[in-house]
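[1] any chance you can model this:
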Amino acid sequence: MIFHTTSLRYGPGVARDRLSHLKARTHQKVTLNRQIAPKATIQGGFELSSDVLRRKLAARNAKPDASSGSLEDILRVTMPRDADDVLSFDVTLIGVTESRADKTRVLDDLSEDRLIYLFENDTRHRGLIWLSPGLLAALVEVQMSGRVSETDPGDRVPTRTDGVVASEIVDRWIGSAADAMEKAGMAPVFPVAGFQRENGVLNRREADLLLEPGAFRVFQIELSLGGGAKTGKLSVVLPIVRKARPPVTMAKADMVRAHLPNLPVTLQAVLARLPLDISRARNIAQGELLEIPVESLRKVRLESRNGKMVGVARLGQLGGYRAVRIRGEGEETPLDIDATALGSGALSVPGAPAPLPDMPALGTELPPADLPELPDLPDLPASPPLPTGDLPDLPDLPDLPDLPPLPDLPGV
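    Numbering: from 1, shown residues only. Below is the predicted model of the structure:
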């Protein structure tokens, strides 16, 4: 038997072509009386109970009932019907549970005996689909022998062939559920629209590498298989996608007014900047005079902390304190202080001593002054006598050793 599979996209209005048939059906004729007997015999030797036949006939004609707004009500109809259509397989829904988990909890539920598929949408949001060993064993048995046994599935690591065997019915179950939920207006309850099952089988380590950290919705669908011969679970793990916030259309000025009305702002009033070398700046002492241009008094710079100029002001006084008056653009304010009273244009530092008088110009004769006579200087003491007589002869210098001969210069 040759198996084929493909990735199918789920969602309303999307065609689902069955490219393969993973079942071997025999065209058998079922003869039923108008009143269903306790047991009906299918040509070929198989016997089916009347309860099984009723479920099969009801599943074919039933339509999803979303009146209660429950995912379980819809899956209770679609999953048995799809199992009968695809595999002639008796499936009954036991229940559906939903929980939320982070990536760590999702991975903790994965063991090596589970068949794991990657489940991804166009925006690269990734989830998982996994089948329990009981469900996988029932799908393999029904396609190999036409029946489900009651034997324990055992611990077996799924293979790629298992992934191919189970792929068609998994695609059908998910696709039918997506269509039914969309028609019932309950797509957000089971948001699988737009996701597709990727080919291939993952192990736990590969699932860890492919799943992004975040929150997930975990749907666990428990099934009774083959008339109760086995039970199994189909789990669907979907990422919780946070909706992006709409862009803020408020104007920049409105945003500033709304969020920054009470923030403190520090302005610095700079009277002047004086260029000094380092040696001069290090030797400044209290009481020294620093020359400041008179024009600076009416052109005080208002600066932010980072030195950016935000306005111009005029130096003045308010209530006995120094103050500045902010000037408007193009405003000319007269300098109402006596510039001649500042001498050479320097401002004195408060608390400094009074300025010294001007020095006379060079070349001017100083007026005579009555100075006291200086006293006579005392005589210097006599110096000690120098030694007399001949000085002793210096000893002869020793002979110096001969110098070694110089080497020949290269290239000479």
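[2] contacts only, for Q268.
    Going by C-beta atoms under 8 Å, 6 or more residues apart in numbering, Q268 touches L302, E303, S304, R305. C-beta: built from backbone N, CA, C; applies to glycine.
[3] as a markdown table, those with distance to M181, neighbour count and secondary structure would be great.
    As requested, the contacts of Q268 are exported to a markdown table (distance: C-beta to C-beta, whole Å; neighbours: other C-beta atoms under 10 Å; DSSP: H, G, I helix; E, B strand; the rest coil):
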| residue | distance to M181 | neighbour count | secondary structure |
| --- | --- | --- | --- |
| L302 | 65 | 17 | strand |
| E303 | 64 | 16 | strand |
| S304 | 59 | 12 | coil |
| R305 | 59 | 9 | coil |
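[4] what bits of this structure have low per-residue confidence?
    When residues are selected by pLDDT under 70, those of the chain lie in 1-69, 244-262, 328-370, 386-389, 409-412.
[5] can you pull out the strands in it?
    39-42, 46-49, 91-102, 115-120, 126-131, 196-197, 215-225, 230-239, 268-270, 290-291, 300-303, 309-318, 321-326, 346-347 (DSSP state E).
[6] can you list those strands in TSV and add distance to G185?
    Converted to TSV, those look like this (distance: least, C-beta to C-beta, whole Å):
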stretch	distance to G185
strand 39-42	39
strand 46-49	37
strand 91-102	18
strand 115-120	23
strand 126-131	23
strand 196-197	23
strand 215-225	19
strand 230-239	19
strand 268-270	64
strand 290-291	82
strand 300-303	63
strand 309-318	58
strand 321-326	64
strand 346-347	82
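[7] who's in contact with P133?
    P133 touches D113, R114, P153, G154, D155, R156, G232, counting by C-beta under 8 Å, 6+ apart.
[8] the same query, at a cut-off of 7 Å, please.
    Going by C-beta atoms under 7 Å, 6 or more residues apart in numbering, P133 touches D113, P153.
[9] try V189
    Contacts of V189 (C-beta under 7 Å, 6+ apart): L71, M181.
[10] next one: G316
    In this structure, G316 makes contact with A323, V324, R325, judged by C-beta under 7 Å, 6+ apart.
[11] dig out what it forms beta bridges with.
    Assessed by DSSP bridges, G316 has beta-bridge partners A323.
[12] where's it relative to E291, distance?
    Distance of G316 to E291, computed by C-beta to C-beta, to the nearest Å: 21 Å.
[13] also L202?
    82 Å.
[14] more neighbours: which of these two?
    Using other C-beta atoms under 10 Å, the more surrounded residue of L202 and E291 is L202, with 23 against 12.
[15] how about that one: what's its closest non-neighbour residue?
    Excluding the flanking residues, the one nearest L202 by C-beta to C-beta, 6 or more residues apart in numbering is I116, at 4.3 Å.
[16] okay, now L136: neighbour count?
    22.
[17] state the distance from it to V106.
    19 Å.
[18] ok, now V148?
    V148 is 29 Å from V106, by C-beta to C-beta.
[19] likewise for E72?
    Here E72 is placed at a distance of 22 Å from V106 (C-beta to C-beta).
[20] okay, the two: which has more neighbours?
    Taking neighbours as other C-beta under 10 Å, E72 and V106 compare with V106 leading, 21 against 14.
[21] ok, that one to L391 distance?
    Distance, V106 to L391, using C-beta to C-beta: 110 Å.
[22] which positions in stretch 81-101 come out as buried?
    R81, D82, A83, D84, V86, L87, F89, D90, V91, T92, L93, V96 (16 or more other C-beta atoms under 10 Å).
[23] if we can go back for a sec, which of the strands of the chain sits closest to A187?
    Among these, the nearest to A187 by C-beta to C-beta is strand 230-239 (12.1 Å).
[24] quick one, helices of this structure?
    50-61, 71-87, 103-108, 133-144, 160-183, 204-210, 252-259, 278-282 (DSSP state H).
[25] how about the fourth one: buried residues?
    Okay, so that is helix 133-144. Buried residues in helix 133-144 (16+ other C-beta under 10 Å): P133, G134, L135, L136, A137, A138, L139, V140, E141, V142, Q143.
[26] L238 bridge partners, please.
    Beta-bridge pairing for L238 (DSSP bridges): R217.
[27] what sits against it?
    L238 is in contact with G127, P191, V192, F216, R217, counting by C-beta under 7 Å, 6+ apart.
[28] can you report how many residues neighbour the third one?
    Spelled out, it's V192. Other residues within reach of V192, judged by other C-beta under 10 Å, total 23.
[29] likewise S383?
    The local packing of S383 (other C-beta under 10 Å) involves 6 other residues.
[30] about what we covered before: now the helices of the chain as TSV including distance to V265?
    Formatted as TSV, the helices of the chain follow (distance: least, C-beta to C-beta, whole Å):
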stretch	distance to V265
helix 50-61	74
helix 71-87	57
helix 103-108	46
helix 133-144	68
helix 160-183	56
helix 204-210	51
helix 252-259	12
helix 278-282	30
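[31] of all those, which one comes closest to V241?
    helix 103-108 (14.6 Å).
[32] other SSEs contacting the closest one?
    Where contact means 3 or more C-beta pairs under 7 Å, 6 or more residues apart in numbering; DSSP states H and E, helix 103-108 is packed against helix 204-210.
[33] so which bits of the helix it packs on are buried?
    Applying 16+ other C-beta under 10 Å to helix 204-210 flags A207 as buried.
[34] let's number from 95 now, not from 1
    Right, with 95 as the first residue, what we last looked at is helix 298-304.
[35] with only the CA atoms kept, save it in CSV.
    Output of helix 298-304 as CSV, limited to C-alpha atoms (Å, rounded to 0.1, in the frame of the first residue of the first chain):
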residue,chain,number,x,y,z
ARG,A,298,10.5,16.7,22.1
ARG,A,299,13.8,18.5,21.5
GLU,A,300,12.8,19.7,18.0
ALA,A,301,9.5,21.0,19.4
ASP,A,302,11.5,22.9,22.1
LEU,A,303,13.6,24.6,19.4
LEU,A,304,10.6,25.5,17.2
